[in-house]
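Okay, here's the prediction I keep looking at, along with the sequence it came from:
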Amino acid sequence: MKIAFITEDGKTISQHFGRAPYYLVLEVDEDVVVSQEMRDKLGHQQFADEGHHHDTGQGSGMDTASHDKHNRMSQAIRDCEFLICGGMGMGAYQSMQAFGITPLVTQIQRIDDALQAYLSGDLRDETERLH
């Protein structure tokens, strides 16, 4: 199984999905990390020239253009089952689900701690942290 973590430094979980520059991807087999890889992640910086538009009646990150951006952001982790971050918009959360990646939002800051919580079944998806 592969788990992606949103990060800026490979050690801590970033608080916002769209602003983080990297994914740390851990491959886990029988609760043991067998490989890890830092992958570049598209984010707000790369999309700045595209503007910020909303379809009529849609909330932030819920429009077609945002879903397309989320799709491009997810390309680097299409081989992952889970995405763990400190916060994200509802649109990004729903987009990840649509792409077959289970997002988990947590207030745990250290990647090692969040991984242990996940492996022990104690990582709670804190959807109240969605915006």
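Great, that's in hand. Residues are numbered from 1 along each chain as shown.

remind me which residues of this protein are low pLDDT?
43-61 (pLDDT under 70).

Do a quick rundown of the strands in it.
For the chain, the strands defined by DSSP state E cover 2-7, 22-29, 32-40, 82-85, 102-105.

burial count for residue 101?
Counted with other CB atoms under 10 Å, the neighbours of residue 101 add up to 18. C-betas here are computed from N, CA, C, even on glycine.

what's the spacing between the nearest residue to it once chain neighbours are set aside and residue 72?
Excluding the flanking residues, the one nearest residue 101 by CB to CB, 6 or more residues apart in numbering is residue 83, at 5.1 Å. Distance, residue 83 to residue 72, by CB to CB, to the nearest Å: 15 Å.

and if you look at residue 32?
Taking CB to CB, one finds residue 32 at 32 Å from residue 72.

Over to residue 94?
Distance check for residue 94 against residue 72: by CB to CB, it reads 16 Å.

Same question for residue 39.
14 Å.

show me the contacts for the residue nearest to residue 101.
With contacts defined as CB atoms under 8 Å, 6 or more residues apart in numbering, the neighbours of residue 83 are 3-6, 23, 77, 96, 101-104.

Show me what it bridges to in the sheet.
residue 4, residue 103 (DSSP bridges).

mind checking how far it is from residue 7?
Counting by CB to CB, the gap from residue 83 to residue 7 is 11 Å.

what is in contact with the two at once?
By CB under 8 Å, 6+ apart, residue 83 and residue 7 have these common neighbours: residue 23.
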